[in-house]
Every structure is written in structure tokens, then in C-alpha cells.
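J.: Here is a sequence with its predicted model. Questions after.
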Amino acid sequence: MNAIETHGLSRRYGRLEAVHGLDLAVPAGAIFALLGPNGAGKSTTIKVLMNLLEPTAGSATVLGVDSRRLSPRELARIGFVADNMELPEWMTVRVFLDYCRPLYPTWDRDLESNLLQKFELPTDRKLKHLSRGMRMKAALIAALAYRPMLLVLDEPFSGLDPVVRDDFIRGVLEVSALGDWTVFLSSHDVEEVERLADWIAVLEQGKLRFAEPLDSLLRRFRRIEITRGANSVPSPSQSQKPIPSTWLASEEAGTLHRFIDSQYMEGDAERRCAELFPGAAINVQPLPLREIYLTLARHPEAAKAMQP
Amino acid sequence: MNLPLHILRKDCRRLRGWLAVWLALLVAQAALAIYGFTIIKISVLGRTPPHIRQMYHPSLALNSLDCLESAEFTQAARTYFIELDHGQDKMSFYDQFITYKIISGYAMTALWLAEIGLLAYLVISLIREDTPLGDRAFWRTRPLAGVEVLWGKTLFLLLVIVAVPALFQWLFTVFAGPSSYESSFALHHFITLQFGWIALAMLLAVLWENIFVGFLALGALAAFTVVFDDLLNPSPTDLPWTHNPFWMLYILGLEIALAAALWRRFFRRRTFLFAGIVLVLAWENMKGFVAPLFPAVQYPRVSSSPFWMLYLLIVSTGLAATIWMYLYRRRVVALGLLGVGVLLLHAVTWLHYLKVRADFYHALDSLVILYSTLLGTVALLALLRQKPVDPEPPNTDGSAVTS
């Protein structure tokens, strides 16, 4: 079962189409990250999913309910934290949590206390007097303490310092490990997403580039370095043999040639390299998500859309 | 009912500081009026004149009644005091009375304006705390139905903004000792006026995120009616030159420029700014000078009927727009209702002023009343149709704590 599904989802702001024909499926229990540059349509997508905006075309279902018909019953099972959310900043952390608690019958006070301790939040300080990171932590506690089935985070790391980011990610990971929660987050911060997510989708100019499990993505992308012996092997530019189209970002420097294989299969890539460059030394290295993301941004043809 | 009460408690906590100031203003008004009574009572050697309720405002609301400002009344009071003193003109008391009346009149007006400004601020802050506008409001992503938030806000308005000052009003009338008819009239008059101010503030708060834009939009509607009037009906020559539509537009432009300057200066304090604008409008309205939102009172010959029309439209449109926004968040519909209402009002005012084709005027008059009634009915039906959805039942495994 999917926690979130969208079918041809589009959202226009006047002439600007922020999201265009989005087909997305977020499997239940996944930590699904929607990556993309600023203005890609991530926040708009989330706003449509949360019924903060109406779709111009298409539809979305969240926890099996049409997003336009999300009622308090569903919202009681969804945790939502957004970097631009208007919090009641005149409240102290304690008053804020006291205000949120009666809204959720499933509120877990023990979990609330644990999270307060973990995040080291001063409960007697007003939200407006807290740093941005502290405010986000307070919002996160208010979104986690009732053990939602679905946690939606819109740009949660935006403007946070590394320590707070780490706290934030640890908090989400630890709490989501307590149950079969689905986490859906949007971000343009690739490093943090790599630590957190197990599914990655990339949105650009309102269109989905691809959606794929992180491990599959990390498995199929490799940096391959070929070191030729002294003039014994022709360089790829001199070679008459065709280079596979899945080899991207090709670079040459002296006897060193390196590229990124976007469809790496262990053994197969090495065999192809040996055929093309007999006698050359081959070094295969895994790629971090950041480099995969940049590669896909420059070579969109390498994106292989997958749906669960 | 728990969640509306929960929201009410939260709003009371949020606005408690300003509520205290507002209540202090109410107390000050009452104290000033009671002090006035005391002076009169002492001056007439312990006897309570039969018309004392007319000599000094027997209620906060009656303060604005025309009879208290008229020269005829002042003369009548003078005559009364002469009669009271067996035919001797007791000028010392009369002078004391008039002096006090003038000074306290200014003080009372200042207090009243401050109270109305703060009232607008309170209502706008109340709506903004959980606004139906935009896509960033906290409550929109919580398990709260719009109808529950609306009930919470309504409870605040009824119990705090209407009932508390009404209680003051009642206590005051009890002290002043007018007849029960006078007391109930004063109370009714006060509550009616209070609803008008509340509805106007709500209208601006629920239709525009930026109150200044809202003011401009309403001002533009009013300006449209003025220009429209001028194009079709040049001003009669017997009106003062300040009532020329172009002069009014000029003043309106000055107001907008002033508001824009203040806006840049105090951008974050938008609700304060709006409270100030309401203050200006109220002041101008009182003086009958320029009131962009009150086209009906720009003309001295207009009777109170367009006032009543205006009141009906503001209250019905304000309530309907608020209900609409919280339940359906359809701003276009709410703005459309407002536009139709303003045009209808304008037509009524215009025909009323010209005093021609009375039958047509009465037909339009009825149309406005019908329109307002329709809005109120539709809003009420929309409200009744909404059923708050119960949040999910508590966990049965005992892992969750229910508050």
C-alpha cells in the first residue's frame, strides 16, 4: 500500500505551472525524499498533498484519502513540519505543546518528554525567542509526539546549522524506527537526505525526473577510473570502439580517464572496460548521492524512473 | 465543544494584555459618565431631575445621540434649571454643567475612539491568530475543522467583545437609574453598534492577508461610487465645497499616502495600522466630512436609512465572508458578495439622496434588506451543514495519553 499517490498532479500559479503532471507513489513505511533545486515545485507538491492548495489538474491521495478531502481524522495521523509554517510564536514551548496535545487523542506524553530531553529545548522560552533550529525542533516534537502514520517535512534542514541538522535527523530516524512510519520530505540538501531517506525522487521545473530507492540508485552509479599504461592503449577519444551511452561525464587527463557509469553492474562494467582498454588498470568507486544528483542534473537522459 | 473552548482559552491567553487595556478604556468611559451624573445630582441639592437621563448620557451608546449635541437641548436644559430654581437663573450651576459637558465630551470621544481602535485590533488579531487566508496557517495542518475554529472565534467575540462591555453597559444603566425601557434600548443600541464594528474588522481580516491592501480595496470601491456619482450627477451647488467628489478623492489619496508611509514605517504592526485607519474613518464619519467607506453619510441630506442599509450590509457581508472563508476558503465568492453589496448600497444611497422615484428607491431598499437576509441565511445554512469530524479515537493499546 502506498501512503501517498499522485496521478497527473498539476498546480498552476497564473501562467506559471509549478507542478506538471506529477505521478508519484510513496510506499508505506518508506522515508521518501523529494529532491530538487529551489523553485522545482517541491513545496507546492507538499501543499497540495496537505490540502493547503488545490490541484489545478490531477489528483492526490494521502493515507488513502483524496487530498482535497483531508479531514481532522486524517490530519490527526499526519505530522507536518515546514520551514515557512506560521507557528504561534507568542507561546512558550510548554504552552505550545499544551495547546497541541488536546488536538491529538494519540498524544504520547512519554515520547514528548523524551524528545524534549533529546532536543534540549528550554520549555519556558517563547518560540519567537528561540533560534530557527530550536523552533524547528519544537515543531518536530509537536509533529512526532502523537506517533503519526505519516510525517511530512517541507525543507526541514533549510537554514539549520550542522549540529541542529544532525539532532533533527537523529530525532526523525530514532522515532520513525519506533513504528512503521512513512516519512515524506522535500529538500535541496542532498547530503542530509542521503543520511535519512531510503527513496529518492527528483523534481525539476515541476516535472518528476525519477523516483528510485536510494540503494538501487547508489548501486547503479559508479565512478570508474582507467589508468592506461604508457601509450599502449588508445585513449577513449582516439579509440574506434563505441563508448556505451550509459558512461557519462567522461574526463581525460594524461593517461587517466574517468567517467560515471549510470548502469553499473558488477563484473559487466569491468569486462567492458577491459575490452575497450586492454591492459589498463581499472578502479571502480561508489558515488555519493550528491554526485549522482549532479550527474543526473547534467545528464537527464540517465534518469531511469522507477515506481514501487 | 471541547476544541472551540480550547481555542477560546488560547485566544484569551494570547490577547489578555490588550483585553485588559480595552476593559480599562470601558471602565474609564463608565467612570467619566458616572462622575458627570454625580456632579449634576449634587448640584441640584440631592434631587434627581426627571430628565437627567437626557442631561448627561445615560449610557455609553446614547452618548452619540444627536439630542445631546443640539443647541435646542442645551437651551432646554438651561430652561429646566431656571425652573428648578424657582425661576432664578442659577448660572453658576449652568456654567458648571456646560463646561463639564464640553470637557467630558472631548474626553469621552477620545476614549471611545481608542476603544473602537482597540476593538478593531482585537478582532483582527483574533482572526489572524488562526487565519483562513494563505497556506501557512498552523491550524490548517492540525486536526481542526474550520467550523471548530469558527465556533472558537465566535465564542470569543460573543463572550468577551460583546458580553463584557454589555455588562458594563448594564451596570452603568442600573447606576444611572433610567427606566427599564431606556436601559434595554441603550443595551440594544450598544450591542448593535458593537456587531457593526466587529463585522467590519472581520471583513477586512478574512478577505485580505494584507490589511492595507484590504483598506485600499474598500477605499477603491468607495472611490468608485464617488466618481460614478460625479459622472452621472454633478454635486448640487448648495453643498459645501468640501463635499465635492474630487475633494473627497483628494483626501482619500492623502489618507492612502499617509497609510502607505506608516505601512513602510511600521510594517510589522499592520493590525495597529488598521486600527488607526478605522479610527480615522470613525472620526471622519462622526464629523460628516469624508468617509470613504461610508458613502451614505457624505451628504448632509441623507436620512438615517442608508446608515441602516450600510449596517445591514457590513454585518451580513462580514459574517457571511467569515463563515465562507473558514468553511470553504473561497475568497472570490466572498469578494463577489462584498462587491454586489457595495453596488446595491450605492444605488440606494444615490436614489435616496435625489429623493426622486420613491417607489424605485423603496424597491432597492427592500432589495438590500433581502440581499442581506439572503447572505445571512446562506451563511447560517453553510454553518449548519458543517459537522465537526471527531478526531481519531484514542489508542486502545494504552500507548497514548488522551488529554
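T.: On my side now, so go ahead. Quantities reported herein were computed from a predicted structural model and do not represent experimental measurements.

J.: Please count neighbours and contacts with C-alpha atoms only from this point.
T.: Will do.

J.: For chain A, what is the nearest residue in chain B?
T.: In chain B, the residue found nearest to chain A is residue B:143; the distance is 3.8 Å by C-alpha to the nearest C-alpha.

J.: That residue reaches residue A:70, doesn't it?
T.: No: under the criterion of C-alpha atoms under 8 Å, residue B:143 lies out of contact with residue A:70, with a separation of 9.5 Å.

J.: and the residue nearest to residue A:101 when sequence neighbours are not counted, what element?
T.: With sequence-adjacent residues excluded and distances taken as C-alpha to C-alpha, 6 or more residues apart in numbering or on different chains, residue A:101 is closest to residue A:107, at 6.1 Å. Here residue A:107 is covered by no helix or strand, with elements defined by DSSP states H and E.

J.: repeat for residue B:171
T.: Once you assign secondary structure using DSSP H and E, residue B:171 falls within helix B:163-176.

J.: for residue A:99, same thing?
T.: With DSSP H and E as criterion, residue A:99 is part of helix A:93-100.

J.: Residue B:154 too?
T.: With DSSP H and E as criterion, residue B:154 is part of helix B:146-156.

J.: does that helix come close to chain A?
T.: No: judged by C-alpha under 8 Å from any C-alpha of the partner chain, helix B:146-156 and chain A are separated, with a smallest distance of 9.7 Å.

J.: Can you name the element that comes right after the host helix or strand of residue A:183?
T.: Following DSSP H and E, the helix or strand that holds residue A:183 is strand A:182-187. For strand A:182-187, the succeeding helix or strand toward the C-terminus, using DSSP H and E, is helix A:190-196.

J.: how about the CA coordinates for that next one, as PDB?
T.: Taking only C-alpha atoms (Å, rounded to 0.1, in the frame of the first residue of the first chain), the coordinates of helix A:190-196 have been written out as PDB:
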ATOM      1  CA  VAL A 190      21.500  16.200  -0.800                       C
ATOM      2  CA  GLU A 191      23.900  15.200   1.900                       C
ATOM      3  CA  GLU A 192      21.300  15.200   4.700                       C
ATOM      4  CA  VAL A 193      18.800  13.400   2.500                       C
ATOM      5  CA  GLU A 194      21.300  10.700   1.800                       C
ATOM      6  CA  ARG A 195      21.600  10.000   5.600                       C
ATOM      7  CA  LEU A 196      17.900  10.000   6.100                       C
END
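
J.: helices or strands up against that helix?
T.: Using 3 or more C-alpha pairs under 8 Å, 6 or more residues apart in numbering or on different chains; DSSP states H and E as the contact criterion, the neighbours of helix A:190-196 among helices and strands are strand A:31-35, helix A:162-176, helix A:289-298.

J.: swap the cut-off to 7 Å and go again
T.: Other helices and strands packing on helix A:190-196, by 3 or more C-alpha pairs under 7 Å, 6 or more residues apart in numbering or on different chains; DSSP states H and E, are helix A:289-298.

J.: Quick one: mean pLDDT for the helix it packs on?
T.: pLDDT averaged over helix A:289-298 equals 85, rounded to a whole number.

J.: what angle sits between that helix and strand A:31-35?
T.: What separates the directions of helix A:289-298 and strand A:31-35 is an angle of 50 degrees, with axes from the mean of the first three to the mean of the last three C-alpha atoms, to 10 degrees.

J.: Show me what helix A:289-298 is packed up against.
T.: In terms of contact count using 3+ C-alpha pairs under 7 Å, 6+ apart, helix A:289-298 is assigned the packing partners helix A:190-196.

J.: and the helix or strand following the helix it packs on, which strands flank it?
T.: Of the helices and strands lying after helix A:190-196 in sequence (DSSP H and E), the nearest is strand A:199-204. With DSSP bridges as the test, strand A:199-204 is paired with strand A:31-35 (parallel), strand A:207-213 (antiparallel).

J.: which of these sits most buried?
T.: Across those, the average number of neighbours (mean count of other C-alpha atoms under 10 Å in any protein chain shown) peaks for strand A:31-35, which reaches a mean of 27.

J.: Give me the residues contacting the helix or strand following that one.
T.: Next along the chain after strand A:31-35, taking DSSP H and E as the criterion, comes helix A:42-49. Counting by C-alpha atoms under 7 Å, 6 or more residues apart in numbering or on different chains, the neighbours of helix A:42-49 from elsewhere in the structure are A:18, A:19, A:34, A:53, A:54, A:55, A:60, A:62, A:67, A:154, A:186, A:203.

J.: interface residues of the stretch 1-150 of chain A facing chain B?
T.: Taking C-alpha under 7 Å from any C-alpha of the partner chain as the criterion, the stretch 1-150 of chain A approaches chain B at residues A:50, A:52-53, A:72-73, A:75-76, A:80, A:84-87, A:101-103, A:105-109.

J.: Any stretches of the chain with poor pLDDT?
T.: As the question left the chain open, I've gone with chain A. A:230-241, A:303-308 (pLDDT under 70).

J.: Wait, chain B was what I had in mind.
T.: For chain B (pLDDT under 70), the answer is B:1, B:33-101, B:172-186, B:189, B:216-309, B:346-366, B:380, B:383-403.

J.: Go again with 50.
T.: For chain B, applying pLDDT under 50 flags the ranges B:41-70, B:231, B:234-235, B:237-242, B:266-271, B:273-275, B:278, B:281-304, B:388-403.

J.: next one: phi and psi at the nearest residue to residue A:70 once chain neighbours are set aside?
T.: Taking C-alpha to C-alpha, 6+ apart, and ignoring the residues beside it in sequence, residue A:70 has residue A:51 as its nearest neighbour in space, at 6.7 Å. Backbone dihedrals for residue A:51, given as degrees, to the nearest 10, come out at phi 60, psi 30.

J.: Let me see the contact set for residue A:51.
T.: Taking C-alpha under 7 Å, 6+ apart as the contact definition, residue A:51 lies against A:67, A:68, A:70.

J.: Considering these, which possesses the most neighbours?
T.: If you count neighbours using other C-alpha atoms under 10 Å in any protein chain shown, the busiest of the contacts of residue A:51 is residue A:67, which has 25 neighbours.

J.: show me the contacts for it.
T.: Here residue A:67 is in contact with A:49, A:50, A:51, A:60, A:61 (criterion: C-alpha under 7 Å, 6+ apart).

J.: go on, residue B:200?
T.: Residue B:200 makes contact with B:314, B:318 under the criterion C-alpha under 7 Å, 6+ apart.

J.: what helix or strand is it on?
T.: Assigned by DSSP H and E, residue B:200 falls within helix B:180-207.

J.: Residue A:59 too?
T.: Counting by DSSP H and E, the secondary-structure element that holds residue A:59 is strand A:57-62.

J.: SS state for the closest residue to chain B within the stretch 151-300 of chain A?
T.: Relative to chain B, the nearest point of the stretch 151-300 of chain A is residue A:152 (10.4 Å; C-alpha to the nearest C-alpha). Judged by DSSP: H, G, I helix; E, B strand; the rest coil, the three-state class of residue A:152 is strand.

J.: check contacts around it.
T.: For residue A:152, the set of contacting residues under the criterion of C-alpha under 7 Å, 6+ apart consists of A:79, A:80, A:81, A:183, A:184, A:185.

J.: hang on, the third one in a strand?
T.: Put plainly, it is residue A:81. Yes: following the definition three-state DSSP, residue A:81 is counted among the residues of a strand.

J.: Quick check: chain neighbours aside, which residue is closest to it?
T.: residue A:153 (4.9 Å).

J.: how close does the one you found sit to residue A:56?
T.: With distances taken as C-alpha to C-alpha, to the nearest Å, residue A:153 is found 23 Å from residue A:56.

J.: who's more crowded, these two?
T.: residue A:153 (22 against 15).

J.: Pretty sure residue A:79 is one of the things that one touches, is it not?
T.: No: Residue A:153 is beyond contact range of residue A:79, at 8.1 Å (criterion: C-alpha atoms under 7 Å).

J.: Quick check: the gap between the residue of the stretch 151-300 of chain A closest to chain B and residue A:143.
T.: 9 Å.

J.: Now do the shared contacts for these two.
T.: Contact with both residue A:152 and residue A:143 is made by residues A:79, A:80, A:81, according to C-alpha under 7 Å, 6+ apart.

J.: among the residues you listed, who's most crowded?
T.: Neighbours here mean other C-alpha under 10 Å. Within these, the largest count is held by residue A:80, at 26 neighbours.
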